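1. Quick one, what's the 3D model for this:
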Amino acid sequence: MSRSGRLLSLMEILRTRRRAVTAAQLAAELVVSERTIYRDVAELMAQGVPVEGGAGVGYVLKPGHFLPPLMFAREELEAIVLGLRYVDQRGDDVLRNASAAALAKIAAVLPPHAGPTLDVPLAMPGPPAASFPDNVVELSRLRAAIRAQRRLEIVYADAAGRSSRRVVWPVQIGFMDSARVLAAWCELRESFRTFRTDRILAATEGTRYPGRRAELMRGLHEHLALSVRGQTADKN
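-> I've put the predicted structure just below:
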């Protein structure tokens, strides 16, 4: 591997790690000596790349540093295009516009030989849903509550049209094939629940819920994983 290629690989490793990575770990991944890692890190710092750390402590890339798309491998770019096409099919207006803007930005900085990856990609998403039910409460309001970690008092209608009031801690919005759902901790059920957004008839933002959303998200995903395993066991 050339030095320039190794520097790009080094930045990519640091970009994907949230915690400091030691020179020994980096050397093992790149199959070089630790001395080479020290020299390469010094070169990155000299070029203005915001790498923090040192020998014996490890290195970390400061948050916010962006690697331009032209550094993506071909398969990585295929994955990005597939994801953006999926968002264009199933996302709401906000995400569809964001998807188009992101794709345009990527196309603007790609080298000419990468153009076919955008124009004639190898992968494609499945057929789009016919339509999604309209929402009474805009998804932007749900997003705002998620970001602010605020409780929501919602009026929710079940499949039979019966309505009830719930106080929930919103965690994520799910985009399914035929509906969108709000995943949240429900104070009434004392458990994680999903609510179809088109059945949320009203939503009032309340006080900040305790803890961190990242912790709730981990709990939600564990809950969903257990549910899937339970359904699989029932089928067996």
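2. Could I get the CA-only coordinates of the least confident helix or strand in the chain by mean pLDDT as PDB?
-> The weakest-scoring helix or strand in the chain, judged by mean pLDDT, DSSP states H and E, is helix 115-119 (a mean of 79). C-alpha atoms of helix 115-119 as PDB (Å, rounded to 0.1, in the frame of the first residue of the first chain):
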ATOM      1  CA  GLY A 115     -20.200   8.300 -12.200                       C
ATOM      2  CA  PRO A 116     -21.700   4.900 -13.300                       C
ATOM      3  CA  THR A 117     -22.100   4.000  -9.600                       C
ATOM      4  CA  LEU A 118     -24.700   6.700  -9.300                       C
ATOM      5  CA  ASP A 119     -26.200   6.500 -12.800                       C
END
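3. Where does F132 fall, secondary structure wise?
-> Following DSSP states H and E, there is no helix or strand that holds F132.
4. which residues touch it?
-> R90, S178, A179, R180, D198 (C-beta atoms under 8 Å, 6 or more residues apart in numbering). (Each C-beta comes from the backbone N, C-alpha and C, glycine too.)
5. What of T194?
-> G174, V181, L182, A183, A184.
6. Now, of those, which are buried?
-> By neighbour count, with 16 or more other C-beta atoms under 10 Å, the contacts of T194 hold V181, L182, A183, A184 as buried.
7. just to revisit the earlier point, just the ones of the contacts of T194 in strands?
-> G174, V181, L182, A183, A184 (DSSP state E).
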